[in-house]
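1. Quick one: sequence and predicted model below, then my questions.
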Amino acid sequence: VQLQASGGGLVQPGGSLRLSCAASGFTVDEYAIGWFRQAPGKEREGISCISSSDGSTYYADSMKGRFTVSRDSAKNTLYLQMNSLKPEDTAVYYCAAGPVTSFYYSDYDYWGQGTQVTVSS
């Protein structure tokens, strides 16, 4: 089981980015997928997750209305569309796979390597 996150970069405040999480060794509807981020000096934070069973999506309160998670079963890839980005969104973003839909990093067994998102003017 492998996950490859990509799509990070430098963006101005108010801008958008779409992160991708390519899965291999399993299909994206086999596991719950979570998106997490970790800023320097801070704990890893769960920001969004998508269930394996019906594709239901969940968001942390601070991301509602700005972030959208989706999956493309044909490409075996998940996406995190991030809009209206703020400097406080700057972090390394990770995708992870696990047996339960959760915002807790300990519930996930497999992790991608992370992609840096920097929001700055």
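-> On my side now, so go ahead.

2. Touching, V69 and W35? I think so.
-> Yes - in this structure, V69 is within contact of W35 by Cβ atoms under 8 Å, at 6.3 Å. In short, each C-beta sits where N, CA and C put it, glycine included.

3. Which of the two has more residues huddled nearby?
-> Just comparing V69 and W35: by other Cβ atoms under 10 Å the higher neighbour count belongs to W35, 28 against 24.

4. circling back: which residues are in contact with both of V69 and W35?
-> Shared contacts of V69 and W35 (Cβ atoms under 8 Å, 6 or more residues apart in numbering): S48, C49, L80.

5. any idea how far the last one lies from I47?
-> Counting by Cβ to Cβ, to the nearest Å, the separation of L80 from I47 is 8 Å.

6. Compare those two and say which one has the larger neighbour count.
-> Counted by other Cβ under 10 Å, L80 and I47 do not tie: L80 has more neighbours, with 26 against 23.

7. so what strands line up beside whichever helix or strand that one is part of?
-> Per DSSP states H and E, L80 falls inside strand 77-82. Partners of strand 77-82 in the sheet, by DSSP bridges, are strand 17-24 (antiparallel), strand 67-72 (antiparallel).

8. so which of these gets nearest A5?
-> Nearest to A5 among the strands paired with strand 77-82 is strand 17-24; the distance by Cβ to Cβ comes to 5.1 Å.

9. and the angle from the next helix or strand after that closest one to strand 77-82?
-> Scanning forward in sequence from strand 17-24 by DSSP H and E, the next helix or strand is strand 32-38. Strand 32-38 runs at 40 degrees relative to strand 77-82, counting by axes from the mean of the first three to the mean of the last three Cα atoms, to 10 degrees.

10. neighbouring strands for strand 32-38, and are they parallel or not?
-> Using DSSP bridges, the strands paired with strand 32-38 are strand 45-50 (antiparallel), strand 91-98 (antiparallel).

11. quick one: the strand holding L80 to chain centroid distance?
-> 7 Å (Cα atoms, centre = their mean, to the nearest Å).

12. let's have the chain start at 776 instead
-> Yes, from this point I'll number from 776; that puts the last item at strand 852-857.
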